[in-house]
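Q: Here is my input; please provide its structure:
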Amino acid sequence: MSGRLGRLDALRGLAALVVVFDHSSHAFMPELRGELMPQFNTSRYGIMVFFLVSGYIIPASLERGGCVRAFWIGRAFRIYPLWAAVVAVLLVIDFLGLAEVRGFDGQSVVAVAVAHAVMLQELLGTPNLLLVLWTLSYEMCFYLLVVALFTVRQHQRSAAVAVVFAVLAAVSVTAGAGLPVSALSGAVGSGPLIACASIGMGGALCCASAGSPGLRVFGGVLGGALALVLVVFNGTVPLWEGLVILAVMFLGTAVHRAEHGLITWRCAAGTAVLVVGGAVGSAYRYGDGHHFTRQGWIVAFLLAVLTFAAASASRHRRIPAPLTGLGTISYSVYLVHPVLLAAIDGTVGRRRQDSLVHEVAFLAVLLPLCVLTHRYVEAPAQAWGRRLAHHPGDQVSKSTVSSSDTGKDWQVRT
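A: Numbers count the residues shown, from 1 in each chain. Reported below is the predicted structural model:
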């Protein structure tokens, strides 16, 4: 496959495989993992590539359609069906005694279910049913911020937003600013916070998708404010890293704008320098911590940015079909592999010595399984989402959102 989408699929496929190795190495390559992780944090490499790709794609998707309602429908049918299927399978194998679901830390089943349903569980003081789900909470915050900028007609300022988040990250770690893990949950209680955040998010989505310009702005700003409050005051990663994650995603957006001639490459390069400088400086200042070495994080981060830059530089080259195919099923690979590993942990158990044969065998089982989940869960759900998002009964409002990014006006549909 050639063109821009092919290299993005290849990036997602690569990132998914690296994350799979990071998690499966616990079970099959413990010795290699022990030597590698302090030097190169494979998990952070994979998720940073994912965040850069999301930053490149998501705002462009919203701006191309110009419809907040259609954007949220598309995101919901892209994320939730496979997410629900994977969680359901996890609960079934837990019931059968083949795996063990993580504890709820004393929270009610309803609270945990609601926190996961709004995809903000990581930022609501709720344990993730699957460890990998934590990144989806930051993805959801990014969606809320993108919609907020779009509704107030500031979406073209993604480069400036990326720099602001990077600078705030550096300032926060330099000043020693930090809060306890899930500080808001500790102050007001997880239950009340989950209830307030869920109601606020529901109201934000409904208002941002409404026909009234005033309601759209209110909903967008409410959602963006909710995202910022949760990232800053209720994260489980250090404050600086939460801000770096947002900066990285908006850096991906800036690269998209540069590639399409909407900003200069000098502006995009300057943004990249400041974001990378802020991120690396923050990690270095933060130092080593539990399950964290600054060298491993910095090396992973720099390699992720370089990988994304290399893909951007080769965007006009033809991409081999196996790489784009792997990217197509990357979301399945990302969500399905922890369930498979949980079943292995609950039955066979982990190895004490490295076994490349077992690692390869795991991939040989995982990838065909993900082809099936993509074909029979992801693809049909996305098709339904596209039909619903572009229902012929949709009405176009009279107001428009001017977009200097694209040189045209977006009609905002309700």
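
Q: Mind giving me the packing neighbours of the helix or strand harbouring Val114?
A: If you go by DSSP states H and E, Val114 is part of helix 109-117. Judged by 3 or more Cβ pairs under 8 Å, 6 or more residues apart in numbering; DSSP states H and E, the packing partners of helix 109-117 are helix 190-208. Backbone N, C-alpha and C define where each C-beta goes, glycine included.

Q: got a list of contacts for the helix it packs on?
A: 68, 72, 107-108, 111, 114-115, 117-118, 120, 124-126, 144, 147, 151, 182, 184-185, 215-216, 218-220, 222-223, 226, 230, 234 (Cβ atoms under 8 Å, 6 or more residues apart in numbering).

Q: Quick one, which of those residues are buried?
A: 68, 72, 107, 111, 114-115, 118, 120, 124-126, 144, 147, 151, 182, 184-185, 215-216, 218-220, 222-223, 226, 230, 234 (16 or more other Cβ atoms under 10 Å).

Q: List the ones among those residues that fall in helices.
A: Of these, the ones assigned to helices by DSSP state H are 68, 72, 111, 114-115, 144, 147, 151, 184-185, 215-216, 218-220, 222-223, 226, 230.

Q: Show me the residue sitting in the middle of the chain in space.
A: Taking Cα atoms, centre = their mean, the centroid of the chain lies closest to Glu139, which sits 3.5 Å from it.

Q: Please list all residues in contact with that one.
A: Phe51, Ser54, Met119.

Q: ok, now with 10 Å
A: Glu139 is in contact with Phe50, Phe51, Ser54, Ile58, Arg75, Ile79, Met119, Ile245, Met249, counting by Cβ atoms under 10 Å, 6 or more residues apart in numbering.

Q: any idea how far it is from Gly106?
A: 27 Å (Cβ to Cβ, to the nearest Å).

Q: Check Thr373 too.
A: For Thr373 relative to Gly106 (Cβ to Cβ), the value is 33 Å.

Q: what packs against the helix or strand harbouring Leu274?
A: Taking DSSP H and E as the criterion, Leu274 maps to helix 265-286. With contacts taken as 3 or more Cβ pairs under 10 Å, 6 or more residues apart in numbering; DSSP states H and E, helix 265-286 sits against helix 158-174, helix 239-259, helix 294-313.

Q: low-scoring pLDDT stretches of the stretch 1-150 of the chain, where are they?
A: By pLDDT under 70, the low-scoring segments of the stretch 1-150 of the chain are 1-4.

Q: Apply 50 and report the result again.
A: Along the stretch 1-150 of the chain, the parts satisfying pLDDT under 50 run over 1-3.

Q: which residues in it form helices?
A: Ranges of helices in the stretch 1-150 of the chain, per DSSP state H, counting those that start in this stretch, are 4-28, 30-36, 42-65, 68-95, 109-117, 134-151.

Q: next one: the stretch 301-414 of the chain
A: Going by DSSP H, counting those that start in this stretch, the stretch 301-414 of the chain shows helices at 321-328, 330-347, 356-373, 379-389.

Q: what's the closest non-adjacent residue to Glu359?
A: Phe28 (4.3 Å; Cβ to Cβ, 6 or more residues apart in numbering).

Q: residues near that neighbour, how many?
A: If you count neighbours by other Cβ atoms under 10 Å, Phe28 ends up with 23.

Q: correct me, but it touches Asp22?
A: No - with contact defined as Cβ atoms under 10 Å, Phe28 and Asp22 do not form a contacting pair (11.8 Å).

Q: picking up where we left off before, can you tell me which of the helices of the stretch 1-150 of the chain is most buried?
A: Neighbour counts (mean count of other Cβ atoms under 10 Å) averaged over each of those peak at helix 134-151, with a mean of 24.

Q: That one to helix 239-259, inter-axis angle?
A: Calculated by axes from the mean of the first three to the mean of the last three Cα atoms, to 10 degrees, helix 134-151 forms an angle of 50 degrees with helix 239-259.

Q: What residues does the residue lying closest to Ala148 once chain neighbours are set aside make contact with?
A: If the residues on either side of it in the chain are set aside, Ala148 comes closest to Gly224, at 2.8 Å by Cβ to Cβ, 6+ apart. By Cβ under 10 Å, 6+ apart, the contact set of Gly224 is Cys141, Leu144, Leu145, Val146, Val147, Ala148, Leu149, Phe150, Thr151, Val152, Ala204, Ala208.
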